[in-house]
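Asks: Quick one, fold the following:
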Amino acid sequence: MARLRVKVVPRSAAAQVVGMDAAGVLKVKVRAAPEKGAANQEAQQLLSRFFGCAPSRCQIVHGAGQRLRLVEFPGLAPNALQEKLKCMT
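Replies: Next up is the predicted model:
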């Protein structure tokens with residue numbers, strides 16, 4: 001099971017995975033407002049498309065109401081996430 005710290009920036013002009021910062025946190029921009037879980041849902045869909053897994057395999061396990069979240073990918077190996085992130089740089 002892979003876990004990743006993610007910073008979600010709501011109300012952005014475009015939905016995109018920006019990249020890793022120096023602290024090892026993945027920055028994700030979403031267009032949705034942080035109301036009624038809309039930003040979380042869009043972030044989950046964006047991350048699942050980016051990592052090539054089903055949206056049900058992308059779960060926010062901590063920090064759903066904060067900018068910094070802990071996202072878990074059950075059934076995905078940690079090295080699979082790292083390989084995909086390496087392709088960004």
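
Asks: Where does I60 sit, in terms of helix or strand?
Replies: Using DSSP states H and E, I60 maps to strand 59-62.

Asks: Centre of the chain to the longest helix belonging to the chain, how far?
Replies: Identified as the longest helix of the chain according to DSSP state H is helix 38-51. In terms of C-alpha atoms, centre = their mean, to the nearest Å, the centre of helix 38-51 is found 6 Å from the chain centre.

Asks: Now tell me what touches it from outside.
Replies: 6, 8, 10, 15-17, 28, 30-33, 54-55, 57-60, 64, 69, 71, 73, 76, 80-81, 84 (C-beta atoms under 8 Å, 6 or more residues apart in numbering). No exception for glycine: its C-beta is placed from N, CA and C like everyone else's.

Asks: Return the set of buried residues in that helix.
Replies: Using 16 or more other C-beta atoms under 10 Å as the test for burial, helix 38-51 gives 39-40, 42-44, 46-48, 50-51.

Asks: strands paired with the longest strand along the chain, and their directions?
Replies: Ranked by residue count, the top strand of the chain under DSSP state E comes out as strand 2-9. Take DSSP bridges as the rule and strand 2-9 pairs in its sheet with strand 26-29 (parallel), strand 68-73 (antiparallel).

Asks: So for M88, which of those sits nearest?
Replies: In terms of C-beta to C-beta, the element of the strands paired with strand 2-9 nearest to M88 is strand 26-29, at 9.2 Å.

Asks: now what about the closest one, what contacts it?
Replies: Strand 26-29 is contacted from outside by 4-9, 12-21, 43, 46-47, 85, using C-beta under 8 Å, 6+ apart.

Asks: Which of those residues are buried? Put it as a ChimeraX command.
Replies: To isolate the buried members of the contacts of strand 26-29 in ChimeraX, using 16+ other C-beta under 10 Å:
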select :4,5,6,7,8,17,20,43,46,47,85
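
Asks: And the residue nearest to the spatial centre of the chain, what's its pLDDT?
Replies: Geometric centre of the chain, nearest residue: L47, 4.6 Å, by C-alpha atoms, centre = their mean. On the pLDDT scale, L47 is placed at 95.

Asks: Repeat that for C53.
Replies: Model confidence at C53 (pLDDT) stands at 89.
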